[in-house]
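Enquirer: Sharing a model that was predicted from the sequence below.
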Amino acid sequence: MDVLNKQYMADPIGFMKKYALETDGAMDKGDGQGAGTAQFDLNYHKANPNMVVVSLYSGPAGKNSPILAWWLPWKSGATMNLKLGKGADYFFTSSLGGCRVQYSGGPEPVVSHIAGDTGGKRDDGSGPGGSAWRDAQSAANAGVHIVGWCVRSLRAI
C-alpha cells in the first residue's frame, strides 16, 4: 500500500512504534534463499489494524512506492549473515520466533539472523538448550543484538 510505504520511509522508527511488523508467510520458509536487495510492500494485516505485513512488491512499475531494502531470510538450524552495503537504506528479516538478530558495525555492517528453532545441545541443534547454541553463535558473530529493521538506525548504533 503506497501510503504505508511512504509513511515507513519518512519515519521508520516512528512507524515501528505505531505498528507491529510481520513478514508474509510465503517469505518465512526457513530455507535461507533470496538474501540481498529486493522491493517490498507494506499492507495492513487482514485481522489486526495495528499490524502491518511486509511482503515482496508485486505491483505495477511506477504506480506505487515500493521500499528498496536488504532482505535476510532465516535458515532452519543455522545462522544467516548478510553484509549491508550502499544498495538500500532499509533492512528486513524474517519474522522472529525465538530467533536473534545481531548487528556488527563498520562502514559495511553485517547482520545475522540466528535461528530460533535449534534445540542446541549439540552443534547440530538437537536436544534441549537452544539458547546456549544461540549464545555461541552470537559470540562467534560478535556484535550488537538488535530489534529493529532500519539500516539508517543500524548505522547510528
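Expert: Sure thing, it's come through. Numbers count the residues shown, from 1 in each chain.

Enquirer: For the rest of this, base every contact and every neighbour count on C-alpha atoms.
Expert: Fine.

Enquirer: so where's this protein uncertain?
Expert: 1, 62-63, 119-129, 142-157 (pLDDT under 70).

Enquirer: Scan it for its longest helix.
Expert: For the chain, the helix reaching the highest residue count under DSSP state H is reported as helix 130-140.

Enquirer: tell me what it is packed against?
Expert: Under the contact criterion of 3 or more Cα pairs under 8 Å, 6 or more residues apart in numbering; DSSP states H and E, the helices and strands touching helix 130-140 comprise strand 110-114.

Enquirer: what about the longest helix of the chain, distance to the chain center?
Expert: What separates the centre of helix 130-140 from the centre of its chain is 19 Å, taken as Cα atoms, centre = their mean, to the nearest Å.

Enquirer: Same question for stretch 85-102.
Expert: If you compare the mean C-alpha spot of stretch 85-102 with that of the full chain, they lie 2 Å apart, counting by Cα atoms, centre = their mean.

Enquirer: buried set for that stretch?
Expert: By neighbour count, with 16 or more other Cα atoms under 10 Å as the criterion, the buried positions of stretch 85-102 are 88-96, 99-102.

Enquirer: and if you look at stretch 24-41?
Expert: Along stretch 24-41, these residues count as buried under the neighbour rule (16+ other Cα under 10 Å): 24, 27-28, 32, 35-41.

Enquirer: what's it in contact with?
Expert: Surrounding stretch 24-41, the residues in contact under the criterion Cα atoms under 8 Å, 6 or more residues apart in numbering are 1-2, 5, 53-57, 66-76, 80, 82, 87-88, 94-95.

Enquirer: Can you give the distance from that stretch to the centre of its chain?
Expert: The gap between where stretch 24-41 is centred and where its chain is centred comes out at 9 Å by Cα atoms, centre = their mean.

Enquirer: Convert it to PDB, retaining C-alpha atoms only.
Expert: Provided in PDB are the C-alpha atoms of stretch 24-41 (Å, rounded to 0.1, in the frame of the first residue of the first chain):
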ATOM      1  CA  ASP A  24       4.400 -12.500   4.700                       C
ATOM      2  CA  GLY A  25       4.200 -16.300   5.500                       C
ATOM      3  CA  ALA A  26       5.500 -17.000   2.000                       C
ATOM      4  CA  MET A  27       8.700 -15.300   2.800                       C
ATOM      5  CA  ASP A  28       9.300 -17.300   6.000                       C
ATOM      6  CA  LYS A  29      10.200 -20.700   4.600                       C
ATOM      7  CA  GLY A  30      13.300 -21.200   6.600                       C
ATOM      8  CA  ASP A  31      15.400 -22.200   3.600                       C
ATOM      9  CA  GLY A  32      17.800 -19.200   3.600                       C
ATOM     10  CA  GLN A  33      17.100 -18.400   0.000                       C
ATOM     11  CA  GLY A  34      16.800 -14.900  -1.500                       C
ATOM     12  CA  ALA A  35      19.200 -12.800   0.500                       C
ATOM     13  CA  GLY A  36      20.100  -9.400  -1.000                       C
ATOM     14  CA  THR A  37      18.100  -6.400  -2.100                       C
ATOM     15  CA  ALA A  38      14.500  -6.500  -3.100                       C
ATOM     16  CA  GLN A  39      11.400  -4.400  -3.400                       C
ATOM     17  CA  PHE A  40       8.900  -4.600  -0.500                       C
ATOM     18  CA  ASP A  41       5.300  -3.500   0.100                       C
END
